[in-house]
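J.: pasting the sequence and the predicted coordinates here, then a few questions.
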Amino acid sequence: MKKLLTAAFVVAACLSASAQNIKPFGPAPSPRQQQWQQLDFYLFTHFGPNTFTDLEWGKGTEHEEVFNPTQLDCRQWCRVAKAAGAKGIIITAKHHDGFCLWPTKYSNHTVAQSKWRNGKGDVLKELSDACKEYGLKMGIYLSPWDRNHPKYGTAAYNTVFVNMMKEVVHRYGPLFEFWWDGANGEGPNGKKQVYEWHKFEATMRSIAPNTPVFSDIGPDIRWVGNESGFAGTTNWNTLDTAGFTRGAGGPSQDTLNMGNVNGHVWIPAECDVSIRPGWFYHASEDGQVKTPEQLFQLYLKSVGRGANLLLNVPPDRRGLINENDSAALVGFRQLQDQNFENNLAVGATITLFANNAVHNITNELTDGNTASFANLAPAETSAITVKFNGTQTINCIQLQEPTQLGQRVKSFAISIKKNGSKGYSISGTTIGKKRILTFPSVEADSITITVTDAKAAPLISDIAAYKIDEGLVGK
């Protein structure tokens, strides 16, 4: 039988890491990863010739003049992103078709060869300026696959790709994320490219040391293993990458979805999903935009399982976020604001029962600050009790770990009580950056939390309890 690793909160347990002299256990995030993990939610924008040809994967043979948005307004994109509560925007600077949304020196298949802005336009520059104006972060997706470039399939193309990375970083940085797609298909010469990933990584570390890089296996952020927008109910920020490659040679989708419990590298998951069936805009999908309620469910299954949510919202042929998408995003933000407005744990009495004694502990567990946390020293029996101000109706509980010190909790249990009688029980596995659990509404005057298994002394940085709309309770 597993030894119960529940925790004893002691008097004045909520202290900073330095005050407690606690060192990270196992892999821990770098500063760039830690900053990225706090963003939670941001937008993806797939935009390019596919927007005008109704394709998802362009062929690379499309004439540059097909790209001609009539009302492009990146400021409108940013207004919508802000209204949705997104922290930034990642744009497909170059998709598989090879068309570049900036006037690069390293390709002749770009906005400079199009009619748009008489060949003088630069989508990345306009987005960069708009993001700065609206206080948003900007990221770039740059596909290494290029179905247009004549050097694709030769050793020289790797240098072309490196030069493109340098160009976009220097012109439009700093970037909050750099996104590598693992797709590797044929170029215009019928050949496939042997990507020099080590060279690509070294380049990014040299020119943008503070920018986290995404791919199937990182080095900083991993693909979650699906394009449906959900992380595993067990989700470790750690992963084993030895022996794996990007693309077809990556870990199984189940492994990417859950991580590795004893993984050697800190590579947290990002959940990418589109607000529409496709990734690029198609007018035929205007009536198939996800509803605010569906987006809320995606939030629970991504951010609520310790991952970040990257929601694709593709601009239309005008170069604007479509009205249908905008309305859904505003409604999604309203649901978040309405349902997570009142943390019932704020002002509650939080106590610890350990070693046959009850200790009062501070309310730093409800300050939303991961730098303050409770140190749960291993004990045979212990429990955190949150006693509400009177009887409350709850159906949602949120827990957080201070992940700057590693991910420790393997499983936990919550008992929800009223007048001393247990009304409902819920359990879970990993917590990580954030874990949100929903359940049928129940009246309660207290909740009791125990950690039933952990890698090391468990640390909890935040507790929240909510009454959300019953129709939003996740399945």
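T.: Sure thing, it's come through.
J.: name the nearest residue to the residue nearest the centre of the chain, ignoring sequence neighbours.
T.: Against the mean C-alpha coordinate of the chain, by CA atoms, centre = their mean, the closest residue is residue 308 at 1.5 Å. Spatial nearest neighbour of residue 308, excluding adjacent residues (CB to CB, 6 or more residues apart in numbering): residue 270 at 4.9 Å. C-betas here are computed from N, CA, C, even on glycine.
J.: with residue 186 instead?
T.: Nearest residue to residue 186, sequence neighbours excluded (CB to CB, 6+ apart): residue 192, at 5.8 Å.
J.: now the terminal residues of stretch 219-233, how far apart.
T.: For stretch 219-233, the first-to-last residue distance is 23 Å (CA to CA, to the nearest Å).
J.: report the rounded mean pLDDT for that stretch.
T.: Averaging pLDDT along stretch 219-233 gives 98.
J.: that stretch: which residues count as buried?
T.: Residues of stretch 219-233 classed as buried: 219-226, 229-232 (neighbour count, 16 or more other CB atoms under 10 Å).
J.: let me have those residues in CSV, adding distance to residue 179 and secondary structure as columns.
T.: Output for those, formatted as CSV (distance: CB to CB, whole Å; DSSP: H, G, I helix; E, B strand; the rest coil):
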residue, distance to residue 179, secondary structure
219, 13, coil
220, 11, coil
221, 9, strand
222, 12, strand
223, 10, strand
224, 13, coil
225, 16, coil
226, 16, coil
229, 16, coil
230, 19, coil
231, 18, coil
232, 21, coil
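J.: would you mind giving those residues as JSON lines with distance to residue 92 added?
T.: Formatted as JSON lines, these follow (distance: CB to CB, whole Å):
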{"residue": "219", "distance to residue 92": "21"}
{"residue": "220", "distance to residue 92": "19"}
{"residue": "221", "distance to residue 92": "17"}
{"residue": "222", "distance to residue 92": "19"}
{"residue": "223", "distance to residue 92": "16"}
{"residue": "224", "distance to residue 92": "19"}
{"residue": "225", "distance to residue 92": "21"}
{"residue": "226", "distance to residue 92": "19"}
{"residue": "229", "distance to residue 92": "18"}
{"residue": "230", "distance to residue 92": "22"}
{"residue": "231", "distance to residue 92": "23"}
{"residue": "232", "distance to residue 92": "27"}
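J.: show me which of these is closest to residue 131.
T.: Proximity of the buried residues of stretch 219-233 to residue 131 (CB to CB) peaks at residue 221, which lies at 19.3 Å.
J.: for the closest one, which non-adjacent residue is closest in space?
T.: Of all residues not flanking residue 221 in the chain, residue 214 sits nearest, at 4.1 Å (CB to CB, 6+ apart).
J.: can you give me the neighbour number for the one you found?
T.: As a burial measure, residue 214 scores 25 neighbours (other CB atoms under 10 Å).
J.: show me the contacts for it.
T.: Taking CB atoms under 8 Å, 6 or more residues apart in numbering, we find residue 214 in contact with 177-180, 220-223, 270.
J.: wait, a strand at it?
T.: Yes: under DSSP: H, G, I helix; E, B strand; the rest coil, residue 214 sits within a strand.
J.: picking up where we left off before, OK, contacts around the residue nearest to residue 308?
T.: Here residue 270 is in contact with 214, 221-224, 307-310 (CB under 8 Å, 6+ apart).
J.: at 6 Å instead, please
T.: 221, 308, 310 (CB atoms under 6 Å, 6 or more residues apart in numbering).
J.: can I get these in TSV including distance to residue 438?
T.: Formatted as TSV, the contacts of residue 270 follow (distance: CB to CB, whole Å):
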residue	distance to residue 438
221	26
308	20
310	22
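J.: of all these, which comes closest to residue 402?
T.: residue 308 (17.4 Å).
J.: number of nearby residues for the nearest residue to residue 284 once chain neighbours are set aside?
T.: Nearest non-adjacent residue to residue 284, counting by CB to CB, 6+ apart: residue 54, 8.0 Å away. Counted with other CB under 10 Å, residues neighbouring residue 54 total 13.
J.: check what pLDDT residue 54 gets.
T.: 97.
J.: okay, it and residue 317: tell me how far apart.
T.: 10 Å (CB to CB, to the nearest Å).
J.: residue 40 and residue 302 touch, don't they?
T.: No: using CB atoms under 6 Å, residue 40 is not in contact with residue 302; the gap is 8.8 Å.
J.: those two: which has the busier surroundings?
T.: residue 302 (27 against 18).
J.: isn't the more buried one up against residue 311?
T.: No: here residue 302 lies out of contact with residue 311, judged by CB under 6 Å, at a distance of 9.0 Å.
J.: check contacts around the residue nearest to residue 256 when sequence neighbours are not counted.
T.: Nearest non-adjacent residue to residue 256, counting by CB to CB, 6+ apart: residue 225, 3.4 Å away. Neighbour list for residue 225: 253, 256-257 [criterion: CB under 6 Å, 6+ apart].
J.: what do you get if the cut-off is 7 Å, keeping everything else the same?
T.: Neighbouring residues of residue 225 by CB atoms under 7 Å, 6 or more residues apart in numbering: 253-254, 256-257.
J.: and residue 229, by the same measure?
T.: Residue 229 neighbours (CB under 7 Å, 6+ apart): 271, 273, 298, 301-302, 309.
J.: quick check: it vs residue 310, distance?
T.: Taken as CB to CB, the span from residue 229 to residue 310 is 9 Å.
J.: overlap of the contact sets of the two?
T.: Joint contacts of residue 229 and residue 310 (CB under 7 Å, 6+ apart) are residue 271.
J.: for the chain, which segments count as helices?
T.: Assigned by DSSP state H, the chain shows helices spanning 17-20, 31-37, 50-53, 74-84, 123-134, 155-172, 197-207, 253-258, 292-302, 323-339.
J.: closest to residue 280 out of those helices?
T.: The closest of the helices of the chain to residue 280 is helix 50-53. By CB to CB, the value is 4.2 Å.
J.: just the CA trace of the closest one, in PDB.
T.: Only the C-alpha atoms of helix 50-53 are listed here, as PDB (Å, rounded to 0.1, in the frame of the first residue of the first chain):
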ATOM      1  CA  ASN A  50      -4.900  29.700 -48.300                       C
ATOM      2  CA  THR A  51      -7.300  32.400 -47.000                       C
ATOM      3  CA  PHE A  52      -8.100  33.300 -50.600                       C
ATOM      4  CA  THR A  53      -7.900  29.800 -52.200                       C
END
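J.: which residues touch that helix?
T.: 56, 58, 62, 66-67, 95, 97, 280-281, 314-315, 317.
J.: which parts of that helix are buried?
T.: 50-52.
J.: what does stretch 63-79 give?
T.: 64, 66-69, 72-74, 76-79.
J.: kindly provide the distance from the residue lying closest to residue 372 once chain neighbours are set aside to residue 280.
T.: Once flanking residues are discounted, residue 372 sits nearest to residue 364: 4.3 Å by CB to CB, 6+ apart. Per CB to CB, residue 364 is found 46 Å from residue 280.
J.: what about these two, which has more around it?
T.: With neighbours defined as other CB under 10 Å, residue 364 and residue 280 compare such that residue 280 has more, 27 against 20.
J.: correct me if wrong: that one contacts residue 314.
T.: Yes: Residue 280 is within contact range of residue 314, at 5.3 Å (criterion: CB atoms under 7 Å).
J.: residues shared between the contacts of the two?
T.: Counting by CB under 7 Å, 6+ apart, the residues touching both residue 280 and residue 314 are 46, 51.
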